[in-house]
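> quick one: sequence plus predicted model below, questions after.
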Amino acid sequence: MHGWRNGLGVFNGLARLHLKSQSSELRSMQKGDEMPVARRESSDSRVIAHIDMDCFYVQVEQRKRPELKGQPAAVVQYNSWKGGGLIAVSYEARKYGVKRSMRGYEAKEVCPIIQLVQVPVARGKADLNAYREAGSEVVSILARRGRCERASIDEVYLDLTEAAETMLAAAPPDSLEIVNEEALRSHILGLNQEDNSDVKENVRKWICRSSADRRDKLLACGVLIVADLRMQVLQDTQFTCSAGIAHNKMLAKLASAMNKPAQQTAVPFSSVKGLLASFPIKKMKQLGGKLGSSLQTDLCVNTVGDLWQFSQEKLQEHYGINTGTWLWNIARGINGDEVEGRLLPKSHGSGKTFPGPSALKNLSSVQHWLNGLCEELSERLQSDLEHNRRIARTLTLHAHAYKTNSSDQQVKFPSKSCSLRYGSPKIQEDAMNLFQAGLREFYGSSNVIQHGWRITGLSVSASKIVAVPSGTCPITKYFQGQQPTCSSSKLLVGDCTEVAYSSVSFSEDEDADKIHTTISNEDSSIQVPSYYQSDGADVSKEAATATSTSGRESCLESNLIGSPSTMSNELSCEPKPDLHTLDRQVRKKSSVDKGKSSILNFFRRVNSNSPLQMHNPAGGTQDHTLSHSDGSRLETELWHYKVDDIDPSVIDELPPEFQEEIRAWLRPHKRPNTVKSGSNVSIASFFSSTSTP
DNA sequence: ACGGCTTGCACG
DNA sequence: TCGTGCAAG
């Protein structure tokens, strides 16, 4: 227990910079302070929600076939063997004891009246697109009230801090005459519900309590907002969901599962300790597997409360610096993970298993299945390009295999990747080559004749997805921006886009025009923040006069202008993610943008008289020096900014699109996972590697 | 060598 | 950077 109290007030600093009033602490933080990994102190006052769709695949099928609503039902794939495997089960069916991972036949045994709906099949494999699209519908609604992170096909995190603060300032709960019925149905952990009491009235009192501390009031606002959002989701999509509202992601996630389906649960700070004390360790996210088992068997930890007796150092010795620190923190309800603004997946994949006798035995069957997988992948990449203007740069092939007549069964089939060329035929060709490369390695030196092989699983995936430079910039201009002079540097977006264009436009015949118009479409009927509009014009002018690099730059800039919703009208029934969010999230990860991100240009214009020194406090070798992509710095001064010199309060004044980026620089980073005993690494040493300009 | 198919992330 | 393994749903 001793660590609990210790955990409450010990940490200062970076994590709090979202609060204007506390931003000065960022500057005052001195050497000797302790700051291992991303964390927040437990005075964390964010309002975070986790939204979890109820048996989502079932709901999607029920919307398609309304006669299934209210019925015991399950979604099943591959009806061929033992009635197929269940992947989603309605709550009515769960009452009969039907579980996910049952076979169709088993489900029928315990619940004879269950309705089994098959997952759509395309090219001989399960086709999950309907569920993906339904998930996007939900995300587009949930993203309305705050930063939104698509955590999976049916789960979303929301950072509602700002919305809650705004509500608290403008229309605080204690001023409300009527409270949303859905909000009144909330579960408030720790709220005493006496036997005869009016439950809803108690919830109303809690929500409207004027004596509540600020954190509870913010949480109450969160409860109201989430109730509202959930109603919107239901109205617009017919889907129900459950939600957790808390001060961080971990607690929100715990809470969302506590009352399902179609309910929401809030975790006031005062109830955290009681909640965790007896909470089964294996039910914590990330602890459902080997790590959780290790805690149980090696440390005799069965509940989160059992973790309290271990010092940080002890946990670090066992599990490494990062995991150890993380464990110590989550045991105390501390979790600084940010809600990433990301509405779209980071990769696409298509795969299939070939169990038992269905294992593939020769190249032609591998080719057959690989072709189908690649076709599906290609379609999804096309769709991502059209809807979101993104391209993937890397193609990866995974396979599971074993050798017949061989002793070294433990040898794994290696994954292989290459740069991704668009167009189904190219992807198929490349995937097949990757497979053969993997196969050669898989053989090793073993005797091919004696040792045949079987393939039990194949998958292809596309990753490293980046935004396509597009918008006001004609393609010709765009290509001028990336002459061979760049070849030595890492202009991956450009290089890859070029590939994408040529192959998409010329290999997939009928798509050529579509792609072109997509890229060059510049309908500007959408609303663009004023700082973009004025800047956009400026940048375009600069682009027109400069030669070597500004073509590229202007493309990147103009990416901020124009909207995906203006494109591909025939597909416009689908929800389109917000381009600004999209652009921000892509830019954040792009190695290209590290050196030339729009935010630096923004600073350059705003502070043109006083260039600041900027370095990344934790970025190691990362360099935020702005230089042109061709490496010529002729007319480009070197703009250095030092993070310490940025008044954190200024961040809130920046365009929201930039705030995220800046905060990412300021955020603590993970340390290399070397286990050190006595591991209080000082801030000084943490920063020292990059503190020289 | 079966629960199947996706995703994301940490590690070396 | 690439490839592997873990975890989740």
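All right, it came through fine.
> tell me which parts of the stretch 151-300 of chain A are close to DNA strand B?
The stretch 151-300 of chain A comes close to DNA strand B at residues residue A:152, as judged by Cβ under 7 Å from any atom of the strand. No exception for glycine: its C-beta is placed from N, CA and C like everyone else's.
> for the stretch 151-300 of chain A, which segments are assigned as strands?
Using DSSP state E, counting those that start in this stretch, the strands of the stretch 151-300 of chain A run over A:155-159, A:187-188, A:241-246, A:264-266.
> out of those strands, which gets nearest to DNA strand C?
Closest to DNA strand C of these is strand A:155-159 (Cβ to the nearest atom of the strand; 6.3 Å).
> which parts of the stretch 251-400 of chain A sit against DNA strand C?
Selection of the stretch 251-400 of chain A residues close to DNA strand C by Cβ under 7 Å from any atom of the strand yields A:253, A:284, A:285, A:286, A:287, A:288, A:289, A:290, A:291, A:292, A:394, A:396.
> what about 6 Å?
Applying Cβ under 6 Å from any atom of the strand, one finds that the stretch 251-400 of chain A approaches DNA strand C through A:285, A:286, A:287, A:288, A:289, A:290, A:291, A:394.
> which ChimeraX command selects the buried ones in those residues?
In ChimeraX syntax, the buried subset of those is picked out as below (16 or more other Cβ atoms under 10 Å):
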select /A:287,291,394
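> ok, so of the residues of the stretch 251-400 of chain A next to DNA strand C, who is nearest residue A:303?
Using Cβ to Cβ, residue A:287 comes nearest to residue A:303 of these, at 11.2 Å.
> please name the bridge partners of residue A:395.
Per DSSP bridges, the residues bridged to residue A:395 are residue A:418, residue A:462.
> who's in contact with it?
Taking Cβ atoms under 8 Å, 6 or more residues apart in numbering as the criterion, residue A:395 is in contact with A:417, A:418, A:419, A:420, A:421, A:427, A:430, A:431, A:434, A:460, A:461, A:462.
> is it true that the fifth one touches residue A:428?
Read it as residue A:421. No. Using Cβ atoms under 8 Å, residue A:421 is not in contact with residue A:428; the gap is 10.5 Å.
> interface residues of chain A facing DNA strand B?
Applying Cβ under 6 Å from any atom of the strand, we find that chain A lies next to DNA strand B at A:77-78, A:81, A:85, A:87, A:100-101, A:125-126, A:128, A:320, A:322-323, A:345-353, A:355-356, A:402, A:409, A:456, A:670, A:673.
> strands - which of the residues you listed land there?
Those of these mapping onto strands are A:77, A:85, A:87, A:125-126, A:348-353, A:402, A:456, per DSSP state E.
> taking those residues together, which two end up most distant?
By the measure Cβ to Cβ, A:348 and A:402 form the most distant pair in these, at 27.3 Å.
> can I get the contacts of residue A:395 in JSON lines with neighbour count and pLDDT?
Output for the contacts of residue A:395, formatted as JSON lines (neighbours: other Cβ atoms under 10 Å; pLDDT from 0 to 100):
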{"residue": "A:417", "neighbour count": "15", "pLDDT": "95"}
{"residue": "A:418", "neighbour count": "14", "pLDDT": "96"}
{"residue": "A:419", "neighbour count": "14", "pLDDT": "96"}
{"residue": "A:420", "neighbour count": "28", "pLDDT": "97"}
{"residue": "A:421", "neighbour count": "18", "pLDDT": "96"}
{"residue": "A:427", "neighbour count": "24", "pLDDT": "97"}
{"residue": "A:430", "neighbour count": "20", "pLDDT": "96"}
{"residue": "A:431", "neighbour count": "26", "pLDDT": "97"}
{"residue": "A:434", "neighbour count": "22", "pLDDT": "96"}
{"residue": "A:460", "neighbour count": "27", "pLDDT": "97"}
{"residue": "A:461", "neighbour count": "20", "pLDDT": "97"}
{"residue": "A:462", "neighbour count": "24", "pLDDT": "97"}
